[in-house]
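*Asks:* Quick check, what structure comes out for this input:
(4 chains, ligands or ions: 4)
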Amino acid sequence: MLLQLYLARYFDVRLIKEKKRGRLKGTLYSSHNQEAILVGSLFGLKSTDWISPIHRDMPAFFLKDARKGWRNPDRIGMTIQEVCAQVWGKAGSPGRARDNWSHIGSKKNRIIHSTSMLAGTIPAAAGVVLADRLNGGDALCVTYNGEGSTAQGVFHEAINFASVHKLPVITIIENNEWAYGTPNELGYSLDDFARRADGYGIPGLIADGQNVLDVYDKVMQCVEHARAGNGPSIVECKSFRAYGHGDHDDDRAAKYRPTEEVEAGRSRDPIAIMKRIMVERGALSPEDATKFMAENKGAAETDNSDFPPEVVAYLTEGVEFAVASPVPPAEEGGMWVFAE
Amino acid sequence: MLLQLYLARYFDVRLIKEKKRGRLKGTLYSSHNQEAILVGSLFGLKSTDWISPIHRDMPAFFLKDARKGWRNPDRIGMTIQEVCAQVWGKAGSPGRARDNWSHIGSKKNRIIHSTSMLAGTIPAAAGVVLADRLNGGDALCVTYNGEGSTAQGVFHEAINFASVHKLPVITIIENNEWAYGTPNELGYSLDDFARRADGYGIPGLIADGQNVLDVYDKVMQCVEHARAGNGPSIVECKSFRAYGHGDHDDDRAAKYRPTEEVEAGRSRDPIAIMKRIMVERGALSPEDATKFMAENKGAAETDNSDFPPEVVAYLTEGVEFAVASPVPPAEEGGMWVFAE
Amino acid sequence: MATIQESPNSASAPSPAPVRGKINYLTALKEAIDEEMGLNPDLLCMGEDIGLLGGAFGVTDGMAAKYGTHRVYDMPISEAAIVGVACGACLNGKSVMVEMQFIDFISCGFDQIVNMTATYHYRTAGEVSIPMVIRGPAGGYGGGALYHSQMNEAWFAHSPGLKVVCPSTPSDAKGLLKSALRDKNPVLFYEIKELYRRKDIEEFVPVGENSLVPLGKARIAQEGTDLTIVTYGQNVYHCLEAAKILQNEGFSAEVIDIRSLVPLDEETILTSLAKTNRLLCVNEAPMTCGFAGEILARMAEKAFHLLDAPPGRITRLDTPVPWVKPLELFVLPSVAKIAEAALRTVRF
Amino acid sequence: MATIQESPNSASAPSPAPVRGKINYLTALKEAIDEEMGLNPDLLCMGEDIGLLGGAFGVTDGMAAKYGTHRVYDMPISEAAIVGVACGACLNGKSVMVEMQFIDFISCGFDQIVNMTATYHYRTAGEVSIPMVIRGPAGGYGGGALYHSQMNEAWFAHSPGLKVVCPSTPSDAKGLLKSALRDKNPVLFYEIKELYRRKDIEEFVPVGENSLVPLGKARIAQEGTDLTIVTYGQNVYHCLEAAKILQNEGFSAEVIDIRSLVPLDEETILTSLAKTNRLLCVNEAPMTCGFAGEILARMAEKAFHLLDAPPGRITRLDTPVPWVKPLELFVLPSVAKIAEAALRTVRF
Ligand SMILES: Cc1ncc(C[n+]2csc(CCOP(=O)(O)OP(=O)(O)O)c2C)c(N)n1
Ligand SMILES: Cc1ncc(C[n+]2csc(CCOP(=O)(O)OP(=O)(O)O)c2C)c(N)n1
Ligand SMILES: [Mg+2]
Ligand SMILES: [Mg+2]
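*Replies:* Ligands and ions are numbered 1, 2, ... in the order given. Sure, this is the predicted structure:
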């Protein structure tokens, strides 16, 4: 898990560096400080389970089923090459760079392709697991959503439907306190989002989104609930958005959010927390714990030495693949409107 | 209140008779057996409050502010003439018969004009009271919704918004167990709809929808909550749809719903219950209680003698007005697309 | 070039196996669903009140009993979720027939159709296809008012990735719906509710494979030489009536029922124009950016040299559909309006 | 007949009071909102991130601070509720400017626009009018991909009761937005985000009443005699470039920027056609049922006798807008495609 946290963090750090170096264009939506949500929620899933990540969940694409080993060819998840090719807008992307950033997916790898329309894939998640159940499967689907996105009507429609048919859809709310430039008090009027589950008669759990083990525990409770045929659930993961909404927003975010709030929010680094727990449990020696220091460092101040070499190596392979991959030919713009 | 219950019931009975007589065309959506919800929720409102009725709430149009007296010219509600002209599709309708059945309203009378799209006016309700508050008013808005309609995304979006700004929107759920041909277990997975309020951090009350006084009490709790600036609330009124979804559905409904269920549902007639309570409280003599017998009678078996004469007289005026009112001229079809 | 499309019930078509009577448009639809549900175990149905009740108009009557509630779903009143759930099921190997209780309510699921479903194949560079049919009762002339009378097919014809179909006869209703249910793409299927039980259009309709009608082929509802009238849906009948008026005046109109808007059989129209040199397009949707205008525009571009008179169109005025009859008829295309425009065109 | 529309910043327009520099399209929009917010205390603003942040692109920057959060609302991510709440506020005496963060997300509030808002005046026989402007960044050419590049104006042009506007210059951006904010009807206002900060179109823009530009009047972006090119939005600049290519070939193109789709200034186009006798319509929305086709259809109907060559159109292919540049440019209108079609038309 620690290694996965590093990998997720390094993905973020590396893309920023690539952009600064001029090798990469486009907006980046950082998952910095929210990695524990992804790692903790994905860790206990079966290979055959589905996921539905959105803009802030890029690492989910290559962390899915990563417990089997990132490089394991039997893994049912995307390779780092595929994900990087997507970021770079190259033909090596699973979507051949037709839509941008996180709007990819893979039927084979059981990842739903989101549109930009927030919360728009939760109904599809319900449909996917319904179909799976009809085929005799027991796949569940974990959907990821910012707390702001839950204001969409389709969020309500989909969860209500899933509750009626007890469909195994686990809705993760990545509550990072902000929806772009809007603070939560203007988005909804609850303290704990998890209570929204009451309105559908389903379990609503709260996890410490900075603690990967707590996320794992809460999600696994929901997984068991789902596998037992009891249907959907919601897990609210309390977290904090470390930077701007996207990297274009970093400077503005520093203005619209009070410095103290940001500092407090960033202070609970999920990597540091995981290390502390591991040391406490004797799973990591105090010396090893000081080895890689990505934690509690700003993305800009971090460099490769802050990360385990295998993390750097894996990602570097992805980046090099992406850089080398060709841009798709123009004519592809006119292709695949209709299936034959 | 008893008189209002009679009026609402008589409206329903009379329209069916008019249709049978061939004087009226179109589908009727009966509020038979659900009158206590309308009467009880409207009774305690101020003249300046807004309402937003839908298909099953036709009597609400003329019961709004009726406490002042149906015929009171200062009443801020529709006249029976206007409502009947609408039902008949005549120029005397406040909407000049451009849209049908309950899709009317009145800015002057503070009634929001619904479209057919269920739950579609709840956002407007929030907007109306927001504007009123900005103008220094304290008007609230009562919206009516079938339990089935709450599955619409916009229901969620609007109530969430109202909760953020503590807007005085009271959402009545007329839980009549069925949404057209779909029973509640296929519509949502809660026992008590009122719990959905938890998900917005607002009060959710349950009323016996057959007991007009209980509806009144629960709604008045919400009215006080709203007037005190505490914002929206939900009142679930437990009831039962006595007939088909519309009168075109009466025969089919008799098939898709078990007879026992229907009989049990119809047995708690709101008029009878009100009479019993009044007798118990000494507000009605046992003899007077046996006077008009609309209660517990099927719509078809009921006739004018089952209703107080002033009820019959008032409605008859409306019907005669409607019958005499002209059909609007064809050219009006091309008018009022844009305001000048 | 496409030639005249044989109607499946015409004399030369292989005769249907069992001898049976004429059926109406609604029964034809029901047969299509029944046959396809029988053939394809991966086909599901989703919609409001389609199971226990059998649909507001009865199109799915008996399906839940026959195929089970694991294949026929009574959905909550959530158009967006209905489309989205269907899309997810298609992503995972199913085909889904979605019923909109009235096509008007499709606006509540709009985003899920145009952004999620329509683009899935495109976004995934062909990895995923979404074999979904969204069908429902549509159209005016029945006093349904603003929200039970719409023809909003142009919204979807303008949204790439969707096929759009609208049959006007029982044979086409059945044959096109069967084809749509087998198509790999999302298809918007406009049923004309005023035709559901219309007596005078009942006809013999084949069963099984014989009944298939391909998407993208127009039908020549009536041959003629002086004017090409291009239309679809309920307006086919108005145009045929108008053609009679023309005949009385000594003109012969060819009436083309395009049946499928996307893809459009342009060749049949072009062939007809080569003969008649005059064009009138008719639809009951609002004029601006409607499909009648699209046909007109395409022909003005491609067949300008063939046109001996200004091409015309008769559509709904750019208004909603009002309720009461005189107003409704004022805004919708009528036989009189079509005949008048047709005469103007042939006499140009 | 309308004559050439004077651009408010042309030499003959009354000069703006304070001496000041050229401004960009975005600043012009901001000025419009600021001026109208100042003039009309009943005008509210609603949208996502428009207050504290000042909008994703900064169009409402500073408005919340200046006019208060009781007039400028940071809304939850609920497009349907945003439109619906705005509609309710209008019903009760307010005017509302709604910002869609990207015009693409309008699909999530579609029903509230086309069925609730657009029809309110009609349904109430004129009792209620809804003075709402829905504006937002639109258009392609910026690598925004499927959901940040749309031009979906045709959906709304096809929905009776809505006005549809799309400015291409800073003066028009300001002047039309001010008019829209004063209009009694719901107006869909398409801002071209690629023009927001485009340097070479910055211009002197008047302040106050002098800056008003009426809805429903086209602007002749360039006079010419051999061909009429009708367009709007970002394509205006592509067409002007194409006109230069034509000029090199010895042809003179008149480029009309319609600015307002509904209502459409047909007279300016007809006047131009009377002179040029040739028509090319250009828009970046998909072809089928798009507005370029609508203009083409109207002119084919009304000005058939004026046309000496087949009218043409250049539009997006009937595809979504793909992300990466070569693909994006493959599907969108380009100077080359326009020039080629234009040359074909003038050489016909
Ligand atoms: C339907 C829709 N409306 C608006 C947007 C624009 N938008 C993109 S991300 C975002 C904020 C999302 O906030 P939240 O859900 O809390 O996720 P976070 O970015 O905080 O992870 C907004 C408004 C969108 N993508 N889709
Ligand atoms: C958005 C939308 N979808 C579907 C319909 C069709 N429809 C009209 S009433 C109805 C059932 C409503 O049930 P419920 O909300 O429980 O109200 P009730 O009729 O029981 O009072 C349906 C499905 C509609 N009017 N609007
Ligand atoms: Mg957030
Ligand atoms: Mg109900």
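*Asks:* where do the helices sit along the stretch 51-200 of chain C?
*Replies:* For the stretch 51-200 of chain C, the helices defined by DSSP state H, counting those that start in this stretch cover C:63-67, C:79-91, C:110-111, C:120-123, C:153-157, C:170-182.
*Asks:* And the fourth one, how far out from the chain middle?
*Replies:* Relative to its parent chain, helix C:120-123 has a centroid offset of 24 Å by C-alpha atoms, centre = their mean, to the nearest Å.
*Asks:* burial measure for residue 280, as a count.
*Replies:* This is for chain A. By other C-beta atoms under 10 Å in any protein chain shown, 9 other residues sit near residue A:280. C-beta: built from backbone N, CA, C; applies to glycine.
*Asks:* You answered for a different chain; I wanted chain C.
*Replies:* Using other C-beta under 10 Å, residue C:280 is surrounded by 28 other residues.
*Asks:* With residue C:138 instead?
*Replies:* Number of residues near residue C:138 (other C-beta under 10 Å) recorded here: 29.
*Asks:* Now do the same contact list for it.
*Replies:* With contacts defined as C-beta atoms under 8 Å, 6 or more residues apart in numbering or on different chains, residue C:138 is in contact with C:102-104, C:150-153, C:166, C:190-193, C:233.
*Asks:* Now do the same contact list for residue 176.
*Replies:* Chain wasn't specified; assuming chain A. So residue A:176 contacts A:33-34, A:56, A:146-147, A:209, A:239-241 (C-beta under 8 Å, 6+ apart).
*Asks:* look at chain C instead
*Replies:* Residue C:176 makes contacts with C:165, C:167, C:189, C:213, C:215, C:259-260, as judged by C-beta under 8 Å, 6+ apart.
*Asks:* Residue C:261: which element?
*Replies:* Per DSSP states H and E, residue C:261 falls inside strand C:260-262.
*Asks:* Over to residue C:30?
*Replies:* helix C:25-39.
*Asks:* hmm, who's touching that helix?
*Replies:* C:23, C:43, C:45, C:57-63, C:66-67, C:71, C:97, C:135, C:167, C:169-171, C:173-175, C:177-178, C:181-182, C:191-192, C:195-198, C:201, C:205, C:207-208, C:211.
*Asks:* can you rerun that using 6 Å?
*Replies:* Identification of contacts with helix C:25-39 by C-beta atoms under 6 Å, 6 or more residues apart in numbering or on different chains yields C:43, C:59, C:67, C:170, C:173-174, C:177-178, C:181, C:195-197, C:205.
*Asks:* Residue numbers of the stretch 151-300 of chain A in contact with ligand 1?
*Replies:* A:152, A:174, A:176, A:178-180, A:241, A:245 (C-beta under 6 Å from any ligand atom).
*Asks:* Let me see the ranges of the helices in chain A.
*Replies:* Along chain A, the stretches classed as helices by DSSP state H are A:2-20, A:35-42, A:58-63, A:80-88, A:122-134, A:153-164, A:212-227, A:250-256, A:259-267, A:270-280, A:286-289, A:309-324.
*Asks:* Present the ones you listed as JSON lines; the columns should include distance to residue B:120 and mean pLDDT.
*Replies:* Shown next, in JSON lines, are the helices of chain A (distance: least, C-beta to C-beta, whole Å; pLDDT from 0 to 100):
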{"stretch": "helix A:2-20", "distance to residue B:120": "42", "mean pLDDT": "96"}
{"stretch": "helix A:35-42", "distance to residue B:120": "35", "mean pLDDT": "98"}
{"stretch": "helix A:58-63", "distance to residue B:120": "35", "mean pLDDT": "98"}
{"stretch": "helix A:80-88", "distance to residue B:120": "38", "mean pLDDT": "98"}
{"stretch": "helix A:122-134", "distance to residue B:120": "19", "mean pLDDT": "98"}
{"stretch": "helix A:153-164", "distance to residue B:120": "11", "mean pLDDT": "98"}
{"stretch": "helix A:212-227", "distance to residue B:120": "33", "mean pLDDT": "98"}
{"stretch": "helix A:250-256", "distance to residue B:120": "33", "mean pLDDT": "95"}
{"stretch": "helix A:259-267", "distance to residue B:120": "38", "mean pLDDT": "95"}
{"stretch": "helix A:270-280", "distance to residue B:120": "43", "mean pLDDT": "96"}
{"stretch": "helix A:286-289", "distance to residue B:120": "57", "mean pLDDT": "92"}
{"stretch": "helix A:309-324", "distance to residue B:120": "46", "mean pLDDT": "98"}
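*Asks:* among those, which is nearest residue D:112?
*Replies:* Among the helices of chain A, helix A:153-164 comes nearest to residue D:112, with 10.2 Å by C-beta to C-beta.
*Asks:* which residues touch that closest one?
*Replies:* With C-beta under 6 Å, 6+ apart as the test, helix A:153-164 has contacts from A:119-120, A:122-123, A:126, A:169, A:200-202, A:232, B:151, B:153-154, B:156-157, B:188-189, C:76, C:78, C:80-81, D:80.
*Asks:* which residues touch the residue sitting nearest the centre point of chain A?
*Replies:* For chain A, the residue sitting closest to the mean C-alpha position, by C-alpha atoms, centre = their mean, is residue A:57 at 2.6 Å. The neighbourhood of residue A:57, defined by C-beta under 6 Å, 6+ apart, consists of A:38, A:144.
*Asks:* mind redoing it with 7 Å?
*Replies:* Residues in contact with residue A:57 (C-beta atoms under 7 Å, 6 or more residues apart in numbering or on different chains) are A:31, A:38, A:102, A:144.
*Asks:* among the residues you listed, which are in reach of ligand 3?
*Replies:* Contacts with ligand 3 within the contacts of residue A:57, counted by C-beta under 5 Å from the ion: none were found.
*Asks:* And those residues, which is closest to chain D?
*Replies:* The nearest member of the contacts of residue A:57 to chain D, counting by C-beta to the nearest C-beta, is residue A:102 at 11.3 Å.
*Asks:* doesn't residue A:59 make contact with that closest one?
*Replies:* No. Here residue A:102 does not reach residue A:59: they are 10.2 Å apart, not a contact under C-beta atoms under 7 Å.
*Asks:* So which of the two has more stuff around it?
*Replies:* Neighbours per residue, other C-beta under 10 Å: of residue A:102 and residue A:59, the larger number sits with residue A:59, 26 against 22.
*Asks:* who's in contact with the nearest residue to the more buried one once chain neighbours are set aside?
*Replies:* Spatial nearest neighbour of residue A:59, excluding adjacent residues (C-beta to C-beta, 6 or more residues apart in numbering or on different chains): residue A:8 at 3.8 Å. Going by C-beta under 7 Å, 6+ apart, residue A:8 touches A:31, A:35, A:38-39, A:59, A:63.
*Asks:* Grab the nearest non-local neighbour of the residue of the stretch 101-250 of chain C found nearest chain B.
*Replies:* Across the stretch 101-250 of chain C, the shortest distance to chain B (C-beta to the nearest C-beta) belongs to residue C:147, at 3.4 Å. Leaving aside its chain neighbours, residue C:147 sits nearest to residue B:116 (3.4 Å; criterion: C-beta to C-beta, 6+ apart).
*Asks:* what's the domain layout of chain C?
*Replies:* C:20-211, C:219-346 (automatic domain parsing).
*Asks:* quick one: residue C:160 from chain D, how far?
*Replies:* Noted for residue C:160: a distance of 5 Å to chain D, by C-beta to the nearest C-beta, to the nearest Å.
*Asks:* For chain C, what lies in contact range of chain B?
*Replies:* Contact residues (C-beta under 7 Å from any C-beta of the partner chain) of chain C with chain B: C:48-49, C:52-53, C:74, C:76-78, C:80, C:104-105, C:108, C:145-148, C:317-319, C:322-324, C:326-331.
*Asks:* hey, where'd the strands end up in the stretch 201-348 of chain C?
*Replies:* According to DSSP state E, counting those that start in this stretch, the stretch 201-348 of chain C carries its strands in the segments C:219-222, C:227-231, C:253-257, C:260-262, C:279-286, C:312-316.
*Asks:* So for residue B:317, which of those sits nearest?
*Replies:* Shortest separation from residue B:317 across the strands of the stretch 201-348 of chain C is recorded for strand C:312-316, at 37.4 Å, computed as C-beta to C-beta.
*Asks:* residues in the stretch 101-250 of chain C within reach of chain D, list them.
*Replies:* Counting by C-beta under 7 Å from any C-beta, the stretch 101-250 of chain C comes close to chain D at C:107-108, C:110-111, C:114-115, C:119, C:122-123, C:146-147, C:154-155, C:157-158, C:160.
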